[in-house]
Structure formats: structure tokens, C-alpha cells
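J.: Give me the fold of what follows.
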Amino acid sequence: MSRIPFGGLPLGYGRISSLPGQVPYAYPPLLPAGQLGGLLGQRAALGGLALQRAYGGISNDLAPRPGALTAYQRQSLYPECLCRDCSDLPRHSEDECAYLRHRLKYGRHETSCHSSDHNDHRRGLNYKLKDIVIRGKAFSVRASYLQDQVKFEKDLVSFLDKKSDEEVPMRVVDMLVAFINKEEYCNYDPLDEATLCILASNVGAKSVVEHSLNEIKKQDREVTAGNVVDIIITIMLSSNVPDKLKEWLQQYLDAPGRWIEVNTLPDFQRKIYFELPETYMDLERMLGYREERKLNRGRIISSS
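T.: Got it, this is the predicted structure:
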């Protein structure tokens, strides 16, 4: 009997009785000995093709492709493009993404996003600026904005002093300052966009929050199997997350078949399903797959 080589799938999500890679069993008529080997060879070839369809043609690694164990009509997490590199791939891989190479080649990722001049916030500005020191680095911020938002500087510095570069990368701070100064920034990473939106919400930069919410809605195609789990964790576990950002995540995961596909990702299984079961149940409640909890408080006495 075939078994699923990828354990831990949540019950009720797209499991089907005939799994990819299974060869239908039948009882053929008795054949002469010379023809029996040919029949077995055809059966073996059929099984090999089915495994390639299910597991993306990987010979040694049996981790299934996202959605391979479901019968749903699904929308792929992987962006599709027509470049020559991508035409040879059954699906984009998580780490080696020919799609991004294609976008870089044809100018989708502007060079200013990655140049050293991107951090020079004084370039091209003809109004008064004030320097703010964050993690030992000086950021030049529009002085009139700091006068209008008197708590912004203190809130920003104190908030980022408690956060590591892994939690809030400096490039996200660059994006925040760039929008305050020029009302624009260069970014095509939805994880950074979500981080910026939450950072701006925590420090009271409402105009940045509104702009970031509009930008992340345009980046659905940039969400891949390589970053979707981190995006989910960032939005679900951060503090002061705007309601509209959670609504965007809900709409994204609620696309036909996408929740099932996300559930089959190894990163999702490891980081959320097993390590963060409460977050997993919160996601199910958000998507309407689980009823809201009705706690029987009993004789719990509290001041609230």
C-alpha cells in the first residue's frame, strides 16, 4: 500500500483515497512469460511518471510539491512567467526562482532598490531635515513631519531599540524614512511590506500605514512558497497589526484551494502546525473553518 511520505497533514484538508503516485491495481489475464516482463516494465514506467507529477521530478527528495496531495482546483503559490528558464520548470522551486531572475533582467526590480544611494535620504531634498540615530545609524527625516508628529521620534527610537535587525531589518526603516521624506520608496517584497505596515502602525505613522496597505494589495504575485509562512507569522503574532492587513491575509488565503496548498508546505507544517498550534487554530477561525471559542469560565474570578 502507498503511504504519504510527508507526515502531519491536518485532517480533512484535501486527502483523497487515490494518492498521486499510486498505480491502479488490476488483475490482468494470464500472459506468457515473455510478455509478463513487458507488462511489469510498463507499470513501473507509469508509476514513475505519476511520482514525477506528484513530486516535481525530484528523484531522491520525496517532499511533495505544494498541493500535490489534493484534488482541489488550485491557484499556484508560485508566480508564472514565460521566460525561457521558467518554461523548463514544472513549477518554480522555493529557493532557486527563475521568475525573479526574469524580473531582474527585464527591469521589474529597479536598481535603486539595491544601490548604496538608496539609503542617502538627503539626496534631492530641498527642505530642512533632522537626523535621528537608530541602532547607531543616522537617518535624515523631514523636520516639518517631526514637528507635526511630536511623539514620532521618541516612539520610533524606543521601539526599534527593542527590536533586532532580524525582527525589523534596516531596509524597512529605510522605506519608512523614504516615504516620510519623498512619499515613495522602492520595494517588491511582500514580507518587507507587511513589516513596514506593522512598524508604522506601532509608531503612529498613519500615512505610511495607508500607503503600505495599498502597496501590499498589488503584491499577491510576489507571495511565494518561500515567504508566505513568514508573512503569516509576522501578521498573526505581531502587535498593533492593522485590521486591513489581516483582511488582506484572509482574502489571500481564502482564494480557491490556496489554504490547502499552504497546509502542504513543509515550512508551514514545521513552523505553524506543530510549533504554533494556537496560531493555526486562529487561522482556521479567521477563514471560517473553526467556530469561535466559547469559554466556560466557571468560577474564574478576575478584576476585569
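J.: how about the helices in the stretch 201-304 of the chain?
T.: 206-216, 228-237, 243-253, 258-263, 266-268, 277-287 (DSSP state H, counting those that start in this stretch).
J.: average model confidence for the last one?
T.: I take that to be helix 277-287. Averaging pLDDT along helix 277-287 gives 96.
J.: cool, and the second one?
T.: Helix 228-237 shows a mean pLDDT of 98 in the predicted model.
J.: follow-up on the earlier one: among the helices of the stretch 201-304 of the chain, show me which one is buried the most.
T.: Most buried of the helices of the stretch 201-304 of the chain, by mean neighbour count (mean count of other Cβ atoms under 10 Å): helix 258-263, with a mean of 22. C-beta coordinates here come from the backbone N, C-alpha and C atoms, glycine included.
J.: Could I get the CA-only coordinates of it as CSV?
T.: Output of helix 258-263 as CSV, limited to C-alpha atoms (Å, rounded to 0.1, in the frame of the first residue of the first chain):
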residue,chain,number,x,y,z
ARG,A,258,-4.8,28.2,-1.5
TRP,A,259,-5.4,27.2,2.1
ILE,A,260,-5.0,23.6,1.2
GLU,A,261,-1.8,24.3,-0.7
VAL,A,262,-0.3,26.3,2.1
ASN,A,263,-1.1,23.5,4.5
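J.: which strands and helices sit next to that helix?
T.: helix 228-237, helix 243-253 (3 or more Cβ pairs under 8 Å, 6 or more residues apart in numbering; DSSP states H and E).
J.: Now render the ones you listed as a markdown table, adding distance to Lys217.
T.: Shown next, in a markdown table, are the helices and strands packed on helix 258-263 (distance: least, Cβ to Cβ, whole Å):
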| stretch | distance to Lys217 |
| --- | --- |
| helix 228-237 | 13 |
| helix 243-253 | 6 |
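J.: Distance-wise, check Glu222 relative to Asp189.
T.: Distance of Glu222 to Asp189, computed by Cβ to Cβ, to the nearest Å: 7 Å.
J.: Correct me if wrong, but Phe139 is in a strand.
T.: Yes. Assessed with DSSP: H, G, I helix; E, B strand; the rest coil, Phe139 lies in a strand.
J.: what's the pLDDT at it?
T.: Value listed for Phe139 in the pLDDT field: 95.
J.: if we look at the sheet, which residues does it bridge to?
T.: Taking DSSP bridges as the rule, Phe139 bridges to Ile132.
J.: what number of residues lie near it?
T.: Each residue near Phe139 was counted by other Cβ atoms under 10 Å, and the total is 23.
J.: so it makes contact with Ala178?
T.: No. Using Cβ atoms under 8 Å, Phe139 is not in contact with Ala178, being 9.8 Å away.
J.: now the helices of the stretch 201-304 of the chain as TSV including distance to Phe152?
T.: Below are these laid out as TSV (distance: least, Cβ to Cβ, whole Å):
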stretch	distance to Phe152
helix 206-216	10
helix 228-237	22
helix 243-253	20
helix 258-263	36
helix 266-268	35
helix 277-287	31
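J.: how about those, which one is nearest Lys163?
T.: Comparing those against Lys163 with Cβ to Cβ, the closest turns out to be helix 228-237 (12.4 Å).
J.: Which neighbouring elements make contact with the closest one?
T.: If you count contacts as 3+ Cβ pairs under 8 Å, 6+ apart, helix 228-237 packs onto helix 190-203, helix 243-253, helix 258-263, helix 266-268, helix 277-287.
J.: May I see the ones you listed arranged in JSON lines, with distance to Phe159 as well?
T.: Formatted as JSON lines, these follow (distance: least, Cβ to Cβ, whole Å):
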{"stretch": "helix 190-203", "distance to Phe159": "6"}
{"stretch": "helix 243-253", "distance to Phe159": "17"}
{"stretch": "helix 258-263", "distance to Phe159": "30"}
{"stretch": "helix 266-268", "distance to Phe159": "28"}
{"stretch": "helix 277-287", "distance to Phe159": "23"}
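J.: what's the closest of the ones you listed to Asn126?
T.: For the helices and strands packed on helix 228-237, the distance to Asn126 is smallest for helix 190-203, at 24.9 Å, taking Cβ to Cβ.
J.: quick one: which of the helices of the stretch 201-304 of the chain is nearest Glu153?
T.: When the helices of the stretch 201-304 of the chain are ranked by proximity to Glu153 (Cβ to Cβ), helix 206-216 comes first, at 14.5 Å.
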